[in-house]
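Participant: make a model of this:
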Amino acid sequence: MTIQTIRPFWSYDIAKTEKWLGEMAAHGYHFIRLRTQKRQFVFEKGEPKDVTFRIQYDKNTELPAALENDGWHLVWQHRKWQILRNDQPAYNIRMFPIRDGLMKRNKVLMYVFGSIFLYHIFTLLMPLLINGLVLMTGGSIHVVGSPFWAITIAYLIVVWGLVPYSFIKLYRSLKRLQHSHTETQNRETFFTTTGRIVTKWKFGWNYAPDKLEQWLRDMEEDGYNLTRISMAGLRFHFQEGEARKVSYCVDYQNSHRPSYFDMHKQAGWQLMYTSDVVLAKWAIWAKEYQTEEAPPTLYSDRTHMLKHAKRIMITYMALFGPVVLMFIGLIMTDINLVQTDGMDISWLQMGIFSLLIMEYSFLMVKSWLYYRRIKRRVDEVAAS
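Facilitator: Now for the predicted structure:
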């Protein structure tokens, strides 16, 4: 037995539609197809089952192997639309489809509806303003009724009802989709040892990420398994356990796209730490491998590795360089005032400025040395 249900705005709130499909399956109604033009979902009556659905909008029709291995399969497809299903319990699912295409589509629609609504607000305010000025100056206004009143009413309903509703619906849906990856980000536990907890502090690792990667690998080989990193990224918590071969990668991005985390998780990487602060979008990834295997890398392209190191160096040069120049200028100004006006010099202030200059200069040099090490490594690989 089959049933049909119409949902006119199902694509505006994808998360809600996915939840609804799962609830229907829990009541024994399993989705089999969607008639897009009629906005009609078709279900087949069967045994109640706890399943998870994901909706995609992507030109790529082939399902990634990582998703297939995690239990996902294609239920329905029409052009770019795809509906995937996973019959595992939700808490066992570790891989989820990437949402880039879907979010891009809905964002374009949201901008279109928003532009239409703003245009009509402007076109409404202008006549009201003009008519108000006419009345204030003693003039009169003659209102003529529309001969196509039915069309006018329908138009007003669409512009002042459907358009703002669509905009709000799409805006809220996009917000949920943008943060949906955080719900499953830490579902799986990378290490399951129960040994003694050891805490280590690491300051300034973001100026030399390669050294942090090597330190974490050495800790793993010594039997200290990384389990958690504090929110500030300074305290590293380890558990005493078995020695492991684990490759770590410290990644810096100007911005984290919605697919950034899903893409690397689908490749088998485990996210150990992330920071999404302005000028501090860092992520630390881990992936276990066997002794006979080559250590996996997050990015294998040498050009990308060099660009990544250069981006870090330029970021801190641009951040600390002006500060260093500013403090040097303040010191030179104080010295000039002492020489010309005979003012007493503040040795405490001079000392503080000098310490800040040395500190920020040290951090810039440290980031430059990191770039030089990566460049040397890339050149050696290219030469071999």
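
Participant: which helices and strands sit right next to the host helix or strand of I312?
Facilitator: Assigned by DSSP states H and E, I312 belongs to helix 302-341. In terms of contacts (3 or more Cβ pairs under 8 Å, 6 or more residues apart in numbering; DSSP states H and E), helix 302-341 is packed against strand 246-252, helix 347-383. Using the backbone N, CA and C atoms, a C-beta is placed for each residue, glycine as well.

Participant: what segments of this protein are strands?
Facilitator: Secondary structure of the chain by DSSP state E: the strands cover 2-6, 29-35, 40-45, 52-57, 72-78, 81-86, 197-201, 224-229, 235-240, 246-252, 270-277, 280-288.

Participant: quickly list the domain ranges of this structure.
Facilitator: The record's domain split for the chain, according to automatic domain parsing, is 2-97, 101-184, 197-298, 304-383.

Participant: and those, which one averages the lowest pLDDT?
Facilitator: Among those, domain 101-184 carries the lowest mean pLDDT, a mean of 75.

Participant: would you agree Y316 is in contact with L369?
Facilitator: No - in this structure Y316 lies outside contact range of L369 using Cβ atoms under 8 Å: 11.5 Å.

Participant: of these two, give the one with the bigger neighbour count.
Facilitator: Y316 (20 against 14; other Cβ atoms under 10 Å).

Participant: tell me the contacts of that one?
Facilitator: Y207, L363, M364, S367 (Cβ atoms under 8 Å, 6 or more residues apart in numbering).

Participant: need the max-distance pair from those.
Facilitator: With Cβ to Cβ as the measure, no two of the contacts of Y316 lie farther apart than Y207 and M364, at 8.7 Å.

Participant: G101: which of the strands of the chain is closest?
Facilitator: When the strands of the chain are compared by Cβ to Cβ, strand 52-57 sits nearest G101, at 4.5 Å.

Participant: against which helices or strands is the closest one packed?
Facilitator: Contact partners of strand 52-57 among helices and strands, from 3+ Cβ pairs under 8 Å, 6+ apart: helix 14-26, strand 81-86, helix 100-136.

Participant: okay, those, which one's buried deepest?
Facilitator: Counting by mean count of other Cβ atoms under 10 Å, strand 81-86 has the highest mean neighbour count of the helices and strands packed on strand 52-57, with a mean of 20.

Participant: hang on, the earlier thing: adding distance to L21, write the contacts of Y316 out as CSV.
Facilitator: Listed next are the contacts of Y316 as CSV, based on distance: Cβ to Cβ, whole Å:
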residue, distance to L21
Y207, 48
L363, 51
M364, 53
S367, 49
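
Participant: that older thread, tell me which of the helices and strands packed on strand 52-57 lies nearest to R176.
Facilitator: Closest among the helices and strands packed on strand 52-57, using Cβ to Cβ: helix 14-26, at 4.9 Å.

Participant: so what's the gap between the closest one and the chain middle?
Facilitator: Remark: helix 14-26 is offset 24 Å from the chain centroid, using Cα atoms, centre = their mean, to the nearest Å.

Participant: tell me the phi and psi of the residue nearest to E47 when sequence neighbours are not counted?
Facilitator: Excluding its sequence neighbours, the residue lying closest to E47 (Cβ to Cβ, 6 or more residues apart in numbering) is G28, at 6.1 Å. With angles defined as degrees, to the nearest 10, G28 sits at phi 100, psi 10.

Participant: residue contacts, G28?
Facilitator: Residues in contact with G28 (Cβ under 8 Å, 6+ apart) are K45, G46, E47, P48, K49.
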